[in-house]
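J.: Need a 3D model of the following:
(chains A and B)
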Amino acid sequence: MATQTPVRPDAAPAAPVAGPSKQGANPDRGGAGTYLALGIGLILMTIPFLWMAISAIKPEAEIRRVPPTWLPETFTRANFDELFTRLDFMTYFVNSTVVAVAVTVGNMIFCSMLGYALAKLEFRGKKVLFAVVLATLMIPGVVTFVPLFVLTVNLGLANTLTGMILPFLAGPFGVFLMRQYILSLPDELIHAARVDGAGELRIFAQVILPLCWPALATLGILTFLGSWNQFLWPLVVATNEDKYTLPVAIALYAVGQNATQYGLLLAGSVVTVIPVIAVFLFLQRHIMQGISMTGIK
Amino acid sequence: MRKQQARAAWILAAPFLVLFLVFTAGPVLASLGMSFTDIKRTDIRTPFAVGFIGFDNYAQLLGDPLFRKVMVNTGLYVVLGVPLTMGLALAVAVMLNRIERLKGLFRVGYYLPVVTSIVAVSVVWKFLLRPEGGLINEALGLVGLPQPEWLDNPDLALPALVVMAAWRNLGSLMIIFLAGLQTIPDEVKEAAQVDGARGWDVFRRITLPMLKPTLLFGAVITSIGYLQFFEEAFVMTKGGPLDATRSVTFFTYDQFGYGNYGLAASASYLLFIAVVVLTYVQFKIFGEKD
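T.: Next up is the predicted model:
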């Protein structure tokens, strides 16, 4: 399925990959054995997704058959119908989308603002501020979620999407990524704009920001994926079913009374995973670029 | 001029700073504070009117056999997961670095699980690991190997989760290692070959040492990830069987669920300390002799 999509073999040369880009004769060129090993690995990497998709369109009885059938003997939409009729997966899908879009937009705006200040402006406390951003990358989410929940309840934001979004509206990763990118832009642009009498904030908005779109695209995609897949915080904030996101819903169904309904759970996984895989296959160049740029996922 | 820059810088920094202070710095300190109190769910509206109990929570945790077990489990996730994930990622990266065709296809394929929800792939793997009719045991049966009850066996459940996690995570390390490999100039390898070094020698004496900074970085981020192991166990085993897959994060979440906020905060702080210590140790071991 997904992996059969043709992919340009030269799919990321635009990335500013560190180091010399000399493509001389490779001294240890891999042969058929290398391709065979990589091919077997590729099958192992993708087979869980194929099996998920194939099984999700089988009736529950066929899913449980031992030994399993390969292709569905009976094709059915029943599992998906149940997700969207008996269960409220449309709501979860919308919740996931709203949260992910809001978090993505917030990070793109706020992180590029601070990223620019850290990359190009001179001010006291800059080094400390950057050190704080880097240190924040190391803080595990589990350390903050208990007091964060107490705070959220007292702000009246428990069981709201706002409560899910706010704490993640500006993350350290985005600041780091935007700073690294903006550092590579020439200072002359800014000097010239200053000579022309442009104010500092206008320089950011009208000179720098338009040049940032490759980094913004990368940041946007990575933030969206991260938010879409986030689990612990939405699990804690969503005290009622109407605010579940897709991962929260699937996890709670998987450990609850639907634990043995594989058809339903696999269909839920398809609904969660397929949009993300589609986005990834479409935009994978930006993702690979971003990772090479910062060294972090 | 400089003043204007400073003013602009703080205006640009303001939204991030406000969000950071309220939702990160504040909670990090509050969590530390809470870990020295007996705060419970019933205190949620009056979080400052709670009793200070010193290190009692920490003492209780370290005396609790269950907490000791989840610490050991978390250690196992790191000790088993980090080498497995790094080894696989390095093998794939080295092979990818040696080919020209289909490179993009392989890179996308190996990276694919990284972008997917852990919860969703955990559901899929629970299905794959079913003792009867699960794809993995069917495959083992075909070649005459035993077909264990992976997730119901206390000795096999944790390793099974580690394998799944390695499958999901190796892609991001692969990309990082590949970028590192590309910084090694071909001339260096060629020179070694002229001197008579064979493939494995070149890898061990040239590639690995030159890749050290990248490997260190990979080890640090992978360790931090496995120290926080949670979602896979939540979905696939509920922490069982017999708490064999329960992690420190899982324990913290459980205590939060029971309303023991102070205890949860102290458990999370012990994990935080482990993250910092492990990072420091790895820099010490790997970073030396440069």
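J.: Just give the nearest non-adjacent residue to residue A:111, would you?
T.: Once flanking residues are discounted, residue A:111 sits nearest to residue A:174: 3.1 Å by Cβ to Cβ, 6 or more residues apart in numbering or on different chains. The C-beta positions use only the backbone N, C-alpha and C, and glycine is treated the same way.
J.: And residue B:32, by the same measure?
T.: Nearest to residue B:32 is residue B:269, by Cβ to Cβ, 6+ apart, at 6.1 Å.
J.: Now do that neighbour, the pLDDT please.
T.: At residue B:269, the model reports a pLDDT of 95.
J.: Kindly report the same for residue B:198.
T.: Value for residue B:198, per-residue pLDDT: 74.
J.: Nearest residue to the middle of chain A?
T.: Taking Cα atoms, centre = their mean, the centroid of chain A lies closest to residue A:225, which sits 1.6 Å from it.
J.: Surely that residue is in a strand?
T.: No - in this structure, residue A:225 is helix, not part of a strand, as judged by DSSP: H, G, I helix; E, B strand; the rest coil.
J.: any idea which helix or strand carries the residue nearest the centre of chain B?
T.: Central residue of chain B (Cα atoms, centre = their mean): residue B:225, 1.7 Å from the mean position. Using DSSP states H and E, residue B:225 sits in helix B:212-227.
J.: In the longest helix seen in chain B, which residues are buried?
T.: In chain B, assigned by DSSP state H, the helix with the most residues is helix B:65-97. Buried positions in helix B:65-97, judged by neighbour count with 16 or more other Cβ atoms under 10 Å in any protein chain shown: B:67, B:70-71, B:73-78, B:80-82, B:84-86, B:88-97.
J.: What are the boundaries of the helices in the stretch 151-297 of chain A?
T.: A:161-165, A:172-183, A:187-195, A:200-202, A:213-229, A:232-237, A:246-255, A:262-294 (DSSP state H, counting those that start in this stretch).
J.: Could you report the neighbour count for residue B:131?
T.: Residue B:131 has 15 neighbouring residues, counting by other Cβ atoms under 10 Å in any protein chain shown.
J.: quick one, strands of the stretch 51-200 of chain A?
T.: Counting by DSSP state E, counting those that start in this stretch, the stretch 51-200 of chain A has no strands at all.
J.: Please verify my assumption that residue A:177 contacts residue A:114.
T.: No - in this structure residue A:177 lies outside contact range of residue A:114 using Cβ atoms under 8 Å: 11.3 Å.
J.: For residue B:155, find the nearest of the helices of the stretch 151-297 of chain A.
T.: helix A:246-255 (22.1 Å; Cβ to Cβ).
J.: And chain B, is that closest one touching that?
T.: Yes - judged by Cβ under 8 Å from any Cβ of the partner chain, helix A:246-255 and chain B are in contact via A:246-248, A:250-251, A:254-255.
J.: Can I get those in JSON lines including neighbour count, pLDDT and distance to residue B:167?
T.: Output for these, formatted as JSON lines (neighbours: other Cβ atoms under 10 Å in any protein chain shown; pLDDT from 0 to 100; distance: Cβ to Cβ, whole Å):
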{"residue": "A:246", "neighbour count": "29", "pLDDT": "95", "distance to residue B:167": "21"}
{"residue": "A:247", "neighbour count": "28", "pLDDT": "95", "distance to residue B:167": "18"}
{"residue": "A:248", "neighbour count": "25", "pLDDT": "96", "distance to residue B:167": "23"}
{"residue": "A:250", "neighbour count": "30", "pLDDT": "93", "distance to residue B:167": "19"}
{"residue": "A:251", "neighbour count": "26", "pLDDT": "94", "distance to residue B:167": "19"}
{"residue": "A:254", "neighbour count": "25", "pLDDT": "90", "distance to residue B:167": "18"}
{"residue": "A:255", "neighbour count": "15", "pLDDT": "91", "distance to residue B:167": "21"}
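J.: quick one: buried residues of the helix or strand harbouring residue A:37?
T.: Using DSSP H and E, residue A:37 sits in helix A:32-56. By neighbour count with 16+ other Cβ under 10 Å, helix A:32-56 contains the buried residues A:34-35, A:38, A:41-42, A:45-46, A:48-49, A:51-56.
J.: what's the answer for stretch A:122-138, then?
T.: Counting neighbours by 16+ other Cβ under 10 Å, one finds that the buried residues in stretch A:122-138 are A:123, A:126, A:129-130, A:132-133, A:136.
J.: how about the strands in the stretch 1-150 of chain B?
T.: Going by DSSP E, counting those that start in this stretch, the stretch 1-150 of chain B shows no strands.
J.: which residues of it score low on pLDDT?
T.: B:1 (pLDDT under 70).
J.: so who does the residue nearest to residue A:265 when sequence neighbours are not counted touch?
T.: Leaving aside its chain neighbours, residue A:265 sits nearest to residue B:123 (4.9 Å; criterion: Cβ to Cβ, 6+ apart). Contacts for residue B:123 (Cβ atoms under 8 Å, 6 or more residues apart in numbering or on different chains) come out as A:250, A:254, A:265-266, A:268-269, B:235.
J.: In a markdown table: the residues you listed, plus distance to residue B:162.
T.: Output for the contacts of residue B:123, formatted as a markdown table (distance: Cβ to Cβ, whole Å):
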| residue | distance to residue B:162 |
| --- | --- |
| A:250 | 22 |
| A:254 | 20 |
| A:265 | 22 |
| A:266 | 23 |
| A:268 | 25 |
| A:269 | 21 |
| B:235 | 15 |
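J.: So which of these sits lowest on pLDDT?
T.: Lowest confidence among these: residue A:254, with 90.
J.: My guess is that residue contacts residue B:125. True?
T.: No - using Cβ under 8 Å, residue A:254 is not in contact with residue B:125; the gap is 11.3 Å.
J.: still on that earlier bit, filter the buried residues of stretch A:122-138 down to the ones in helices?
T.: Taking DSSP H as the definition of helices, the buried residues of stretch A:122-138 contribute A:126, A:129-130, A:132-133, A:136.
J.: Could you take these and lay them out as JSON lines, with extra columns for distance to residue A:166 and pLDDT?
T.: Shown next, in JSON lines, are these (distance: Cβ to Cβ, whole Å; pLDDT from 0 to 100):
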{"residue": "A:126", "distance to residue A:166": "26", "pLDDT": "93"}
{"residue": "A:129", "distance to residue A:166": "21", "pLDDT": "94"}
{"residue": "A:130", "distance to residue A:166": "24", "pLDDT": "94"}
{"residue": "A:132", "distance to residue A:166": "19", "pLDDT": "92"}
{"residue": "A:133", "distance to residue A:166": "19", "pLDDT": "92"}
{"residue": "A:136", "distance to residue A:166": "16", "pLDDT": "89"}
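J.: Distance-wise, check residue A:199 relative to chain B.
T.: The spacing between residue A:199 and chain B, counted by Cβ to the nearest Cβ, to the nearest Å, is 8 Å.
J.: how about that residue, phi and psi?
T.: phi -70, psi 160 (degrees, to the nearest 10).
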